[in-house]
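> fold the following.
(chains A and B)
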Amino acid sequence: MSLRPDRQLSGLLVALAALTLLNVIITPNFLNMQTLAVNVSQVATIAIVALGMTLVIASGGIDLSVGSTMAVAGALAPIVFLSDWALANPGLGLTASILLPLIVAGLCGLFNGVLISMFGVQPIIATLILFISGRGIAQVLTNGNLQTFTNPSFTWLGTGRVFGLPVQGWIALVLTLILGWVVRRTIYGRYLLSAGGNERAAVMAGVPVARVKIATYVIAAVLAGLAGLIVVAINSASDAARIGQLMELDAIAAAVVGGAALAGGRAPILGTLLGAVFIQLMGYTLIANGISDEMTLIVTAAIIAVAVWLQRGRRA
Amino acid sequence: MKRLFGQGHVAVWVALLALIVFGALRYDNFVSAYNLSSFLGYNSMFVLISVGMCLVIMTGGIDLSVGTVAALASVVAAQLSPHGLAVALPAGVAAGLAAGALNAGMIAGLRLPPFMATLATMLAAKGAALRLSENRAVPVDWASDFTKLGMNKIANILPWTMLIALIVVVAAWLIVQRSSLGRTVLAIGGNAEAAHLMGLKTHRAEIFVYVFSGGCAGLAGVYLASGYGAGQPLEGAGWELAAIAAVVVGGTLLTGGMGSVPATVAGALLFGVVFNLLNFENGRGTISLSAHWQSVIRGFFLLVVILLQVRLARPAAKK
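The predicted model follows:
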């Protein structure tokens, strides 16, 4: 059983290595710190959201609302640290401007989770509600205005460097390690995989499926909120109309390329990180070699189709 | 009549009627020729893609590609508009059918999950639309007869686009109700394996629904170009979700196996009427709801309908 995901992971690693090698040969200035930093900075937010998406997919669900949740968190943060209270108490203000958006994001996840597990609404429909209205809420919060700011301590989240690499890259890496541990070693992880693998059997075995699912959507939403904060920090500006747009698709693509199965029951956390990196690197390769943006979309489509097809072949 | 409204689909018709009566009583120009014709013209696109989506969802599948496929078709039709409607219309629909065939091939042929297969087509169609249009809106040729499709109305009220959409709706409805193809569509959604073992032509039915949905999206794209004067490669974002919402509000379960084509149309019109009413309410000047509030209200509305359906469906499921 456990061999198959491993084989998918090694396949992905080989593909990544090949792509990297190709870049070393054909892409000018590929091997320098700047290239690495740019790619890490771009992929980190997708990876962070995709990690949460992987958990949701493992539970047999899907979360279309992650982009809207990012927008809500991203709109909220500047509102908090630009308030009079935060300007008077910079330290507390900064903490609040990170914690409050994450809590509100968590509430979005709670909303999704309760609709899905207590009311029995299908995940795609339940999360569609916040997909539609979440961004609207973010825009109402900001009156639809672009919020610009200078706040070096907050923007460190998106522009800071640790050991020469962007902070958000390290955040994504640490979250991968934590969630990988959570899925493999904690009771929550076992419950999650059993709930997604065979829900009825899990219920009969006494797994608190409803609570596990709610927790999963909350985790996914908090991760999306964090990604929203990072996007705002990178830009030193918050535009509720644009933060996290189409992020649900990027995250689903990364998770699936990484080996997640939409039917549930599998949570390849490391695979998801590699999946996000692979899609990013493929896009970079095309753009760095003068192939247009549109072709990147078409190639991404092909990668997704091939990844899903490979998975299917293995299952049969 | 029961067949027309279907069992349990009455709620959406009642809600639609109630909102229309409310609008007619509250606003002066709600039942004017101008409002009616622009309402019907704009929503003809959503009626089309919703009906296509309805058939797909009846099989237990989903089609995420309808929005970008419509955008692609609008670009194709706009580029061919100098050759007239007789060329641009079939070409736009053909682009949609081709995208539908791609979906069908991946889903019925390679057995990929519909969500992922149509997600791939969604991205590919967007890429193709941007490439064809070189990243900009493609103006249509106003000298040819192309824009007549989207602009002309029968008796100043019923746009040709809506009339054609309704013909497509009736055709889809007859197929679902009367043909063996339609019964197979519903049987797949009920239990794909059982349907296959019973000897039903499940492949054929699956191919049909995705190609049909693609064709509907293609036609909607032609409407977009013809009615609004340009092929728009970036339009159609979120259309798939609007269509899914219409289907769900119409009482078709996402798990497949049952559903109603007419109620889906009512669902699509219902969302249109809500928007229309909000615009009128803004026009009165007593309140001013920004576009942002409108999406909040739309989401809230969806929530209410879903919760009502959950309540209505529960007792039925227990029997």
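
> quickly find the element holding the closest residue to B:Ile175 other than its chain neighbours.
Leaving out its chain neighbours, the residue that sits closest to B:Ile175 by CB to CB, 6 or more residues apart in numbering or on different chains is B:Gly182, at 4.7 Å. For glycine as for every other residue, the C-beta is placed from the backbone atoms N, C-alpha and C. Counting by DSSP states H and E, the element that carries B:Gly182 is helix B:180-197.

> how about A:Gly244?
Short version, using DSSP H and E: A:Gly244 is in no helix or strand.

> list phi and psi for it.
Per-residue torsions, A:Gly244: phi 70, psi 10 (degrees, to the nearest 10).

> what about it, distance to A:Ala172?
Going from A:Gly244 to A:Ala172 by CB to CB, to the nearest Å gives 16 Å.

> what about B:Ala86, how many neighbours?
11 (other CB atoms under 10 Å in any protein chain shown).

> kindly report the same for A:Gln245.
16.

> show the contacting residues for B:Leu200.
B:Arg183, B:Thr184, B:Ala187, B:Ile188 (CB atoms under 8 Å, 6 or more residues apart in numbering or on different chains).

> just the pLDDT for the third one.
Turning to B:Ala187, the model gives it a pLDDT of 86.

> without its sequence neighbours, what residue ends up closest to it?
According to CB to CB, 6+ apart, the nearest residue to B:Ala187 is B:Ala195 (3.8 Å).

> surely the one you found and B:Thr184 touch.
Yes: the criterion here is CB atoms under 8 Å, and B:Ala195 meets it with B:Thr184 at 6.5 Å.

> the stretch 151-300 of chain A: helices as residue ranges?
A:152-159, A:167-185, A:187-197, A:199-204, A:209-235, A:247-257, A:269-288, A:293-315 (DSSP state H, counting those that start in this stretch).

> with the stretch 1-150 of chain B instead?
Under DSSP H, counting those that start in this stretch, the stretch 1-150 of chain B gives helices at B:2-5, B:10-26, B:33-58, B:66-80, B:85-104, B:114-133, B:148-151.

> picking up where we left off before, who touches both of B:Ala195 and B:Thr184?
What both B:Ala195 and B:Thr184 touch, as defined by CB under 8 Å, 6+ apart, is the set B:Thr202.

> give the burial count for B:Gly96, as a bare number.
Counted with other CB under 10 Å, B:Gly96 comes out at 32.

> that one: what's it in contact with?
B:Val69, B:Ala70, B:Leu72, B:Ala73, B:Gly214, B:Gly215, B:Cys216, B:Ala217, B:Gly218, B:Leu219, B:Gly221.

> so where's the chain uncertain?
Picked chain A for this. A:1-6, A:312-316 (pLDDT under 70).

> I was thinking of chain B, sorry if that wasn't clear
For chain B (pLDDT under 70), the answer is B:1-8, B:253-257, B:285-288, B:311-319.

> mind telling me which residue of it is nearest chain A?
B:Gly299 (2.6 Å; CB to the nearest CB).

> hang on, that residue packs against A:Ala126?
No: contact criterion CB under 8 Å: B:Gly299 and A:Ala126 do not qualify, at 11.3 Å.
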